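> no sequence on this one, just coordinates:
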């Protein structure tokens, strides 16, 4: 039996397994990782196929009821430090007619947001902690006010704490998605809802 050292930290693996709604197993093999990747691909194919169909019924608690008209520059700023999330969001948003500009950190996000107009900002709250996420959320709103812009800001996080969701919405996020089972479909539905508003 060949032993391969993957050198992956526990936080990365937990987030990876969360994408399929599974808990991180105590022992991980290449076979179990491959199975997870196949599960993610299959769920992702289903979501992409549905982006051209009707939206599923949405949980009104997941985003602010008051829908904002968006300017339709067709630009989306994505702030997330996990490559698999960046890839999935890019595929979803491109299928919906948007172009993604991605960055992994707060400073990169603020610089890009200053220089370009965006319809949506989709940001991970834990970059690397919620403290930085809330700072980014506040600064994005300050810049938007100064520019006279009105982007839809969505917070996405693996954190399932209700208080983080509530605080994100209280601090001005338009919606909050927990990156757990079927989060890709929920993102698709919410974005389609804003497009049709």
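It's in. What you see is a predicted model, and the numbers here were worked out from it, not measured in a lab.
> so what's the backbone phi/psi at residue 121?
When quoted as degrees, to the nearest 10, the phi and psi of residue 121 stand at phi -120, psi 120.
> And the helices in this structure?
Counting by DSSP state H, one finds helices in the chain at the ranges 10-18, 30-50, 83-95, 106-115, 130-147, 162-170, 183-196.
> and the first one, average pLDDT?
Think helix 10-18. On average, the pLDDT along helix 10-18 is 65.
> One more: the last one?
This predicted structure assigns helix 183-196 an average pLDDT of 90.
> Mind listing what's buried along that helix?
Of the residues in helix 183-196, 183, 184, 185, 186, 187, 188, 189, 190, 191, 192, 194, 195 count as buried by neighbour count, 16 or more other Cβ atoms under 10 Å. For every residue, glycine as well, the C-beta is placed using N, CA and C.
> and which of those residues is nearest to residue 148?
residue 194 (19.1 Å; Cβ to Cβ).
> which stretches of the protein have low pLDDT?
The chain contains residues with pLDDT under 70 at 1-24, 26-36, 38-72, 197.
> and if we set it to 50?
For the chain, residues meeting the criterion pLDDT under 50 lie at 1-4, 54-70.
> about what we covered before: a markdown table please, covering the buried residues of helix 183-196 and showing distance to residue 136.
A markdown table is the format used below for those (distance: Cβ to Cβ, whole Å):
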| residue | distance to residue 136 |
| --- | --- |
| 183 | 20 |
| 184 | 22 |
| 185 | 25 |
| 186 | 22 |
| 187 | 19 |
| 188 | 24 |
| 189 | 24 |
| 190 | 20 |
| 191 | 20 |
| 192 | 25 |
| 194 | 20 |
| 195 | 24 |
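> From these, pick the one nearest residue 83.
Once Cβ to Cβ is applied, the member of the buried residues of helix 183-196 that ends up nearest residue 83 is residue 184, at 15.2 Å.
> so that closest one makes contact with residue 88?
Yes. Using Cβ atoms under 8 Å, residue 184 makes contact with residue 88 at a distance of 5.8 Å.
> Going by neighbour count, list what's buried in stretch 82-91.
With burial defined by 16+ other Cβ under 10 Å, the residues of stretch 82-91 counted as buried are 82, 85, 86, 88, 89, 90, 91.
> And stretch 115-135, by the same measure?
118-127, 130, 133-134.
> Now the two most distant members of those residues.
119 and 130 (24.8 Å).
> Can you tell me how far residue 167 is from residue 130?
According to Cβ to Cβ, to the nearest Å, residue 167 and residue 130 sit 8 Å apart.
> One more: residue 159?
From residue 159 to residue 130 the distance is 7 Å (Cβ to Cβ).
> For residue 190, see how far away residue 94 is.
Applying Cβ to Cβ, the value for residue 94 to residue 190 is 16 Å.
> typo on my end, residue 154
7 Å.
> likewise residue 159?
18 Å.
> Pretty sure residue 98 sits against residue 76.
Yes. The pair formed by residue 98 and residue 76 meets the contact definition of Cβ under 8 Å, at 4.7 Å.
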